[in-house]
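>>> with the input below, show me the fold.
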Amino acid sequence: MAEQPSPLPVNDDLDQATAEIAPESQGDRARQLLGMKGAKAGETSIWKIRLQLMKPITWIPLIWGVVCGAASSGNYRWSLEYVLIAAACMLMSGPLLTGYTQTLNDFYDRDIDAINEPYRPIPSGAISIPQVVAQILVLLVAGIAVSYGLDRWAGHSFPTITALALGGSLVSYIYSAPPLKLKQNGWLGNYALGASYIALPWWAGHALFGDLTWQIVVLTLFYSLAGLGIAVVNDFKSVEGDRQMGLKSLPVMFGVTTAAWICVLAIDLFQGGVAAYLMVIHQNLYAVLLVLLIIPQITFQDMYFLRNPLENDVKYQASAQPFLVLGMLVTGLALGHGAL
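Now for the predicted structure:
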């Protein structure tokens, strides 16, 4: 844990010292509510604690995946109805089902979090186990209900989006829960995570506005191998706890340096493969744009991640991931353009 600030001076400098500490305290509180690493601010509101368990910062890739899927369908229209339906799909993919996944993960990781992040809501005792279980069930049922409504709107003869929601929820469960607990295996766990963050919301957005084809399925599963690299970044924050609990994350299996190289190579090579595919289908402009977005990712990998992955993992994600998600949208637009 980070070193605690010194006690405030009991003199006329009290107001100045309080003013200096307040911004940091507010920042810690915001990080806590977003579910970010290192958030140590205390919170007593049960609703804010529930929000922290859902880790809102993790909703963003899923919401973006829906946008990419809608773009790749080639059928999205800018109308109020389509905007509201897309927002409902984002609600399903982000706050509801990702919130379910994150709460479930914290429930099954409470022993590891007691080592790595003891300030998390469950190991700190800020929320009871029955309250956590109730939250998991409510988010799951709400997410499935929204997915069924989306299928009805799309007029699907087969409930594609509901099937995706159920399948994704099952993957989330076996990722976190014994006896399978996919996250115990660095390769399977991280790929399941990458596919859940890239392929599943992409399929949902595409199926909502168009026909989900095997080409889209295969390409997004291939893209998810880049997501495997992103998932590995999250393992560096919990190396010690994973080692003690016997979890075979890549940093535990291969060491920090080798795992960092595996991570960046997966991110770069598979995005490059997608760019090559875009050239094959004659979407050359989009392929060039994707390559241009890969270049700054490589730069930040060298500047931050490869030099010190344990200290710079969050800084690297903040600087490099925007280029990855923009590359996903470029790919979605290319596929949508090819479908027209």
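>>> okay, and Q215 sits in which element?
Element membership of Q215, judged by DSSP states H and E, is helix 214-233.
>>> which is the succeeding secondary structure element to that helix?
helix 239-245.
>>> from the contact counts, what lies against that following helix?
The elements that helix 239-245 packs onto, with contact taken as 3 or more C-beta pairs under 8 Å, 6 or more residues apart in numbering; DSSP states H and E, are helix 110-116, helix 250-254. From N, CA and C alone the C-beta is placed, and that goes for glycine too.
>>> could you report the neighbour count for N308?
N308 has 14 neighbouring residues, counting by other C-beta atoms under 10 Å.
>>> could you do the one 3 residues further on as well?
Applying the criterion other C-beta under 10 Å, we find 12 residues in the vicinity of E311.
>>> buried stuff in whichever helix or strand it is part of?
According to DSSP H and E, E311 maps onto helix 309-339. Buried residues in helix 309-339, counted by 16 or more other C-beta atoms under 10 Å: 309, 312-314, 316-317, 319-321, 323-325, 327-336, 339.
>>> determine how far that helix lies from the middle of the whole chain.
Mean-position distance between helix 309-339 and its chain equals 12 Å (C-alpha atoms, centre = their mean, to the nearest Å).
>>> let's have the chain start at 56 instead
Okay, residue one is now 56; in that scheme the one you just asked about reads as helix 364-394.
>>> tell me the average confidence for it?
Averaged over helix 364-394, pLDDT sits at 91.
>>> could you do stretch 268-286 as well?
Mean per-residue pLDDT for stretch 268-286: 94.
>>> which parts of that stretch are buried?
271, 274-276, 278-286.
>>> equivalent analysis for stretch 191-208, please.
Buried, per 16+ other C-beta under 10 Å, within stretch 191-208: I191, L194, L195, A197, G198, I199, V201, S202, L205, D206.
>>> now those in JSON lines, with distance to P351?
JSON lines is the format used below for the buried residues of stretch 191-208 (distance: C-beta to C-beta, whole Å):
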{"residue": "I191", "distance to P351": "38"}
{"residue": "L194", "distance to P351": "35"}
{"residue": "L195", "distance to P351": "38"}
{"residue": "A197", "distance to P351": "38"}
{"residue": "G198", "distance to P351": "34"}
{"residue": "I199", "distance to P351": "39"}
{"residue": "V201", "distance to P351": "36"}
{"residue": "S202", "distance to P351": "35"}
{"residue": "L205", "distance to P351": "35"}
{"residue": "D206", "distance to P351": "39"}
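>>> can you name the next helix or strand after the helix-or-strand element of the chain with minimal mean pLDDT?
None of the helices or strands of the chain scores lower by mean pLDDT, DSSP states H and E than helix 69-89, at a mean of 50. Once the chain leaves helix 69-89, the next helix or strand it forms, by DSSP H and E, is helix 101-109.
>>> what's around the closest residue to R298 other than its chain neighbours, how many residues?
Of all residues not flanking R298 in the chain, V307 sits nearest, at 5.2 Å (C-beta to C-beta, 6 or more residues apart in numbering). Neighbourhood size, V307 [other C-beta under 10 Å]: 21.
>>> tell me if I'm right that V307 and N240 touch.
No: using C-beta atoms under 8 Å, V307 is not in contact with N240; the gap is 11.0 Å.
>>> you'd agree L267 is in a strand?
No: if the criterion is DSSP: H, G, I helix; E, B strand; the rest coil, then L267 is coil and not within a strand.
>>> got a pLDDT number for the residue nearest to R298?
According to the prediction, V307 has pLDDT 91.
>>> next, work out how far apart Y371 and G310 are.
Distance, Y371 to G310, by C-beta to C-beta, to the nearest Å: 18 Å.
>>> try Y131
For Y131 relative to G310 (C-beta to C-beta), the value is 45 Å.
>>> higher neighbour count, the two?
Taking neighbours as other C-beta under 10 Å, Y131 and G310 compare with Y131 leading, 22 against 11.
>>> any idea of the pLDDT on the closest residue to that one other than its chain neighbours?
Spatially, and ignoring its direct neighbours in sequence, Y131 is nearest to A125 (4.4 Å; C-beta to C-beta, 6+ apart). We note a pLDDT of 97 for A125 in this prediction.
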